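Chemist: structural data only, the sequence is not supplied:
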Ligand SMILES: NC(=O)c1ccc[n+]([C@@H]2O[C@H](COP(=O)([O-])OP(=O)(O)OC[C@H]3O[C@@H](n4cnc5c(N)ncnc54)[C@H](OP(=O)(O)O)[C@@H]3O)[C@@H](O)[C@H]2O)c1
């Protein structure tokens, strides 16, 4: 099909990645969707095994795409891990796992795909950020840290590769109804009832889960990513999600920091 692109979508086994892979495939692109697991039975796209935390896995996956198709037009760095727990209740090992997936995973895949994109003088990389990458979320501190880091990495990379004809953008979803509610990882210490944060952590994470269950369908995020892959949008960053959350992100930029933090703490019931 004319205009058909070869697109790699990481974390395509569920949620936003699945919706994105399905939409891109339905629009006539050749989608390679990845997972650490077996191919989801009915998925209409090509499947590839990928663990973004492993160099060898990433190199093999990109080499496989290039061997099969001779090019890679777009990468959607969607694979992600949501970790819950107070910062004090997050071990360095657990933090490393989160950053390894959400930041270094995206960087690994981008680094592996970029040489072929530069050679062709074109390409698109879309990184999946989060509202939590604009606003520090209590009891998801390391997740917020990873998504803030991804914002910075995306902004820097976009400037570095523009001269090679490569577009880099970030999509930051707010609450989206996906299996993330069940896939959220809780740090070990945060599950100890003796933790001084135990009660507040359980309460706040329950608020997150409620909002996620009532979140927007992943189709909206998939449509935004598709616009970027197909070149209908070229902006550096898009927030997609419930109106209230988009307003919150906008407020972050204009409301004085102390006032913003006071409002957040009050909302989550975290003030003395
Ligand atoms: N849902 C929301 O409210 C929301 C809001 C903002 C941002 N996001 C972001 O959107 C992205 C997708 O989230 P989702 O809600 O769709 O969650 P999800 O349903 O839990 O999907 C996560 C995906 O990431 C993959 N993954 C996790 N660790 C991986 C690893 N080490 N290597 C390769 N793949 C890995 C999983 O694949 P396998 O387990 O099959 O390997 C799965 O396909 C994430 O980056 C998340 O941070 C979600």
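Modeler: Yes, it's here. For clarity, every value in this text was computed on a predicted model and none was experimentally measured.

Chemist: hey, where'd the strands end up in the chain?
Modeler: Using DSSP state E, the strands of the chain run over 6-9, 30-35, 46-49, 74-77, 83-84, 123-128, 166-173, 185-186, 237-240.

Chemist: so which of those is nearest residue 249?
Modeler: With C-beta to C-beta, the closest approach to residue 249 among the strands of the chain belongs to strand 237-240: 5.2 Å. C-beta: built from backbone N, CA, C; applies to glycine.

Chemist: so what secondary structure elements neighbour the closest one?
Modeler: Other helices and strands packing on strand 237-240, by 3 or more C-beta pairs under 8 Å, 6 or more residues apart in numbering; DSSP states H and E, are strand 166-173, helix 219-229, helix 243-254.

Chemist: what's the closest of the ones you listed to the ligand?
Modeler: Among those, strand 166-173 comes nearest to the ligand, with 3.9 Å by C-beta to the nearest ligand atom.

Chemist: now do that closest one against helix 243-254, angle only.
Modeler: With axes from the mean of the first three to the mean of the last three C-alpha atoms, to 10 degrees defining the directions, strand 166-173 sits at 120 degrees from helix 243-254.

Chemist: what is the mean pLDDT for strand 166-173?
Modeler: Summarised as a single mean, pLDDT over strand 166-173 is 98.

Chemist: contacts for it, please.
Modeler: By C-beta atoms under 8 Å, 6 or more residues apart in numbering, the residues outside strand 166-173 that reach it are 16, 114, 117-118, 122-131, 133-134, 147, 150-151, 154-155, 157-158, 161, 216, 221, 224-225, 228, 231, 233-241, 249.

Chemist: just the buried members of the residues you listed?
Modeler: With burial judged by 16 or more other C-beta atoms under 10 Å, the buried subset of the contacts of strand 166-173 is 16, 114, 117, 122-131, 133-134, 147, 150-151, 154, 157-158, 161, 216, 221, 224-225, 228, 237-241, 249.
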